[in-house]
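>>> The sequence and its predicted three-dimensional model are supplied below.
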Amino acid sequence: MTQLLETPHSKVVRGRKRASYDRQQVYQLIDDLKLGHIGFVADNQAFVVPITLWRVADHLYFHTMNKGRLAKVLESGQKVCVSFAESSEWVMSKSAYHHSANYRSAVLYCQGERVTEPQQFDDAFKAIIDDLEPGRWEHIRAPSLKERKATALIRMAIDEGSFKSRTGGPNEEPEDMDLPVWHGLMPTKCPVHK
């Protein structure tokens, strides 16, 4: 399946021209960032947790504290919202209204299951460690029994969600073009343009 499920949750209503349900765009963003946010509700309280997430085929993986709040929520079958976002450039305009950012983002809706089988557990951790540095898994110590008991490794199928992005320069009103102010693209990681 090349497309993510477009559901009432995942359908982009605002900014539809920037939206996509293409699985490969989402996968590329996940693989590039490996850092996302998981939103969930526990005890009638909303939480959003920044967390390392990685992808193996059509699944997201992350680890959390065994018997912790997030592990309990996912093991109960509750659906969570997972988001990824990267801003690459500020779009500087001649008007306040048209300032923007060039970005990539994805919002996914997932249910999780705990990985308990020892070989699957090791394979998931090997995938992220070898992705960070190829061959590293062969030179490090595998998780101990104590570490395995302290860790809840969660797998979530990537099925439902959306992708949005913006690229390009500023959109300007014709009457603003003569204003004597610089406009264009500015990398997000540089000092403020003066």
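Cool, the structure landed. Numbering: from 1, shown residues only.
>>> use CA for all of it now, contacts and neighbours both
Noted.
>>> burial count for Leu185?
19 (other C-alpha atoms under 10 Å).
>>> tell me the mean pLDDT for the longest helix along the chain?
Counting residues, the longest helix found in the chain (DSSP state H) is helix 118-132. Across helix 118-132, the average pLDDT comes to 96.
>>> packing partners for it?
strand 54-56 (3 or more C-alpha pairs under 8 Å, 6 or more residues apart in numbering; DSSP states H and E).
>>> Let's see that with 10 Å instead.
strand 54-56, strand 59-65, helix 145-150, strand 151-157 (3 or more C-alpha pairs under 10 Å, 6 or more residues apart in numbering; DSSP states H and E).
>>> In that helix, which residues are buried?
Phe121, Asp122, Ala124, Phe125, Lys126, Ala127, Ile128, Ile129 (16 or more other C-alpha atoms under 10 Å).
>>> could the helices and strands packed on helix 118-132 go into CSV alongside mean pLDDT and distance to His139?
CSV is the format used below for these (pLDDT from 0 to 100; distance: least, C-alpha to C-alpha, whole Å):
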stretch, mean pLDDT, distance to His139
strand 54-56, 97, 21
strand 59-65, 96, 21
helix 145-150, 94, 18
strand 151-157, 96, 21
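>>> In JSON lines: these, plus distance to Gly184 and mean neighbour count.
Formatted as JSON lines, the helices and strands packed on helix 118-132 follow (distance: least, C-alpha to C-alpha, whole Å; neighbours: other C-alpha atoms under 10 Å):
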{"stretch": "strand 54-56", "distance to Gly184": "34", "mean neighbour count": "20"}
{"stretch": "strand 59-65", "distance to Gly184": "36", "mean neighbour count": "18"}
{"stretch": "helix 145-150", "distance to Gly184": "50", "mean neighbour count": "12"}
{"stretch": "strand 151-157", "distance to Gly184": "39", "mean neighbour count": "21"}
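>>> Rebuild these as JSON lines, extending it with distance to Asp43.
Shown next, in JSON lines, are the helices and strands packed on helix 118-132 (distance: least, C-alpha to C-alpha, whole Å):
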{"stretch": "strand 54-56", "distance to Asp43": "27"}
{"stretch": "strand 59-65", "distance to Asp43": "18"}
{"stretch": "helix 145-150", "distance to Asp43": "23"}
{"stretch": "strand 151-157", "distance to Asp43": "20"}
